[in-house]
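Undergrad: Quick one: sequence plus predicted model below, questions after.
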Amino acid sequence: MRTPPPAHVAPPDRARRRRRITRLTLAGAVAAALTASGIYIAGAQAEEVVVPGRVQAEAFAAQSGAQTENTGDADGGRNVGWLANGDWLRYDGVAITGATLTARVASQNADGGTVELRLGAQDGTLLASFPVTGTGGWQKWKTVSATASTVPAGAQTVFAVLRSSSTSDFVNLNWFTFGPATGTTPSAPASSAPPSPSMTPSSTVTPTSTPSTPTAGWVPVDQARWNRELTAFNAIKPKAVTPGTTRVPEFHTDCEVANSAPDDPIVVPGLPGASHMHTFFGPKVDAFTTTEKLLSSITNCNAPGDLSAYWVPELRKDGKPVPVKSFRVYYGSRVKDPSTVKPFPPGLRVVEGDAKKQVDTPKNAGSNQFWCAGSAEIGRSADGNWPVCAPGGNLIFQLVFKDCWDGKNIDSPDHKSHMGDPVNGVCTGKYPVAVPDLSFMVNYQSLGGDGLSLSSGKPSSMHGDFMNAWDPARLGDLVKSCLNQNAKCGTTVEFAGG
């Protein structure tokens, strides 16, 4: 394997996720800010008022293309947004108690569309359709009604499937009703804003109580297991740094392609074929992959103890997959004091980037840029989005993940909101725990140019997924000796210079 360049520092204009360009922020009671995480923060009530009979939109059991945000609607809580044609939400255990159904919608897209409710599958029996027209804003809410084609008995699995002629987001959803208020809610409870982290980046963790059923989309860390792993980590005696070691907090793992599949066990778990095509590195991955399965898997990554799964959307040239030349994951630190970095919590799952972001990225656009490794860029593709590399080089992409953890959850509804960025070099506030900073370096056997696309669309849709399955002792050694001591290592605790 030819390894990529040793530097893992992100380009100066790191991509910032944002709502699609058709969206506008609102003022007044729903004044909002687009943060680095891409989550729309409404200034209205965040605490939800529970109304009997309503199924909260964010209480989905699975989804494709959705993200959640604090809402400006009267009852507070969260709504589901970023919904476009072909996206869907799945709700389990729904009791349909009457023929009159309602949905709470908001839209600032003149094209409008339809929310289809289907039974059992994305293409299942059509239960009802809600027409969506512009409401005057993404937080201007309206209740729309539809009549059910049937009123089946017993608990149902219901898919909300989004249909629109628009190529952009066209609707926000806050809640549904499936008949009179005596109806039950889905098996996943209605979501509210995530609990505030109580964990601080210290050497110990105080267990916190968690609800018997986690809030929809939020997956609490196993506190007992995490405490055991932290105790073992704190007991590790770091290896003495040898003279001549480069004082950069870093280690890495190199992985080969394991398989490709239209699966995503983080975003659409248990639903094979429900995603765009991904390229998986390390262990073989499918829609049913879990951390527990990874821990007993076989990997092609070369760092001992690393059974983690990594994946990115497939890159194509004229519709055919582009071979990957090499894939390296750097583990580093962006905080001022790398001695505060802790290992990843058990079972952490993270997505970085936005698969739905479809904007042009011409040269020097400053976001989601592919570039040339090993040679100069000598031109651009006809659409301006892809570089053309001189002979001897290759197309490369670097994807940098967030490295501050909320200390409570190993996953979140959008698979991003449990992670944040350092503030002035410190993990603080909602994200107090510093963890290793992941950086994917994907080298392709391509000189770039015309005919390229990602399975998710334009270069701006480049994204990556990480499912932690490191052996805690191996990861602990690398964090303690390499990152905490601001020392450069390779795939093991062997210090490197130069």
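TA: That came through fine.
Undergrad: Spatially central residue in this protein, please.
TA: The residue lying closest to the centre of the chain (CA atoms, centre = their mean) is residue 351, at 2.6 Å.
Undergrad: ok, now which ones touch residue 172?
TA: For residue 172, the contacting residues are 79-81, 83, 105-107, 138-139, by CB atoms under 8 Å, 6 or more residues apart in numbering. Every C-beta, even on glycine, is put in place using the N, C-alpha and C of the backbone.
Undergrad: same deal with residue 305?
TA: So residue 305 contacts 470-471, 473-475 (CB under 8 Å, 6+ apart).
Undergrad: pLDDT below threshold where in this protein?
TA: Scanning the chain for pLDDT under 70 picks out the ranges 1-50, 181-216, 498.
Undergrad: can we see that at 50?
TA: Counting by pLDDT under 50, the chain shows low-confidence ranges at 1-47, 183-215.
Undergrad: for it, longest helix please?
TA: For the chain, the helix with the greatest residue count under DSSP state H is helix 223-234.
Undergrad: Surely residue 474 is in a helix?
TA: Yes - counting by DSSP: H, G, I helix; E, B strand; the rest coil, residue 474 is part of a helix.
Undergrad: So it is in contact with residue 307, correct?
TA: No - between residue 474 and residue 307 there is no contact, the gap being 9.8 Å when judged by CB atoms under 8 Å.
Undergrad: Between those two, which has more neighbouring residues?
TA: Comparing residue 474 with residue 307 by other CB atoms under 10 Å, the one with more neighbours is residue 307, at 22 against 17.
Undergrad: Please name the nearest non-neighbouring residue to that one.
TA: Nearest non-adjacent residue to residue 307, counting by CB to CB, 6 or more residues apart in numbering: residue 469, 4.1 Å away.
Undergrad: so how many other residues sit close to that neighbour?
TA: So residue 469, with other CB under 10 Å, has 27 neighbours.
Undergrad: And for residue 156?
TA: Residue 156: 19 surrounding residues under other CB under 10 Å.
Undergrad: Could you do the one 5 residues further on as well?
TA: Residues contacting residue 161 under the criterion other CB under 10 Å number 22.
Undergrad: State the helix or strand in which it lies.
TA: Counting by DSSP states H and E, the element that carries residue 161 is strand 155-163.
Undergrad: how distant is that strand from the center of its chain?
TA: Relative to the mean C-alpha coordinate of its chain, strand 155-163 is positioned 23 Å out (CA atoms, centre = their mean, to the nearest Å).
Undergrad: What strands flank whatever helix or strand comes next after it, and is each parallel or antiparallel?
TA: Going down the chain from strand 155-163, the next helix or strand is strand 171-178, by DSSP H and E. Strand 171-178 has these partner strands in its sheet, going by DSSP bridges: strand 54-56 (antiparallel), strand 78-83 (antiparallel), strand 100-107 (antiparallel).
Undergrad: Distance from the chain centre to stretch 68-78, please.
TA: Stretch 68-78 sits 21 Å away from the centroid of its parent chain (CA atoms, centre = their mean).
Undergrad: With stretch 403-423 instead?
TA: 10 Å.
Undergrad: List the buried residues for that stretch?
TA: 403-422 (16 or more other CB atoms under 10 Å).
Undergrad: May I have that stretch as PDB, with CA atoms only?
TA: The C-alpha trace of stretch 403-423 is given here as PDB (Å, rounded to 0.1, in the frame of the first residue of the first chain):
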ATOM      1  CA  ASP A 403     -13.500  15.800  18.500                       C
ATOM      2  CA  CYS A 404     -15.500  17.000  21.500                       C
ATOM      3  CA  TRP A 405     -18.100  14.600  22.900                       C
ATOM      4  CA  ASP A 406     -21.200  15.400  25.000                       C
ATOM      5  CA  GLY A 407     -20.200  12.800  27.600                       C
ATOM      6  CA  LYS A 408     -23.600  11.100  27.600                       C
ATOM      7  CA  ASN A 409     -24.600   9.700  24.200                       C
ATOM      8  CA  ILE A 410     -22.900   7.400  21.700                       C
ATOM      9  CA  ASP A 411     -25.300   8.400  18.900                       C
ATOM     10  CA  SER A 412     -27.900  11.100  18.200                       C
ATOM     11  CA  PRO A 413     -30.900  11.500  15.800                       C
ATOM     12  CA  ASP A 414     -28.700  13.100  13.100                       C
ATOM     13  CA  HIS A 415     -25.600  11.100  14.100                       C
ATOM     14  CA  LYS A 416     -23.800  14.400  14.700                       C
ATOM     15  CA  SER A 417     -25.300  16.300  17.500                       C
ATOM     16  CA  HIS A 418     -23.500  14.300  20.200                       C
ATOM     17  CA  MET A 419     -20.200  15.700  18.900                       C
ATOM     18  CA  GLY A 420     -18.900  19.300  18.700                       C
ATOM     19  CA  ASP A 421     -15.800  21.400  18.000                       C
ATOM     20  CA  PRO A 422     -13.400  22.800  20.500                       C
ATOM     21  CA  VAL A 423     -14.000  26.400  21.500                       C
END
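Undergrad: Pull out the buried residues from stretch 119-136.
TA: 119, 124, 127-130, 132, 134-135.
Undergrad: Those residues in helices, which ones?
TA: Among these, no member falls in helices (DSSP H).
Undergrad: what about the closest residue to residue 229 other than its chain neighbours, neighbour count?
TA: Leaving aside its sequence neighbours, residue 229 sits nearest to residue 472 (CB to CB, 6+ apart; 4.7 Å). Per other CB under 10 Å, the neighbour tally for residue 472 reads 20.
Undergrad: Return the distance of residue 472 relative to residue 223.
TA: Residue 472 sits 15 Å away from residue 223, going by CB to CB, to the nearest Å.
Undergrad: go on, residue 165?
TA: 48 Å.
Undergrad: So the two - more neighbours on which side?
TA: residue 223 (17 against 9).
Undergrad: Can you list the buried residues in the longest strand along the chain?
TA: The strand that spans the most residues within the chain, counting by DSSP state E, is strand 137-147. Across strand 137-147, burial judged by 16+ other CB under 10 Å covers 137-141, 144, 146.
Undergrad: distance of the closest residue to residue 98 other than its chain neighbours from residue 406?
TA: For residue 98, ignoring the flanking residues on the chain, the nearest one in space by CB to CB, 6+ apart is residue 179 at 2.9 Å. Look at residue 179 and residue 406: by CB to CB, they are 37 Å apart.
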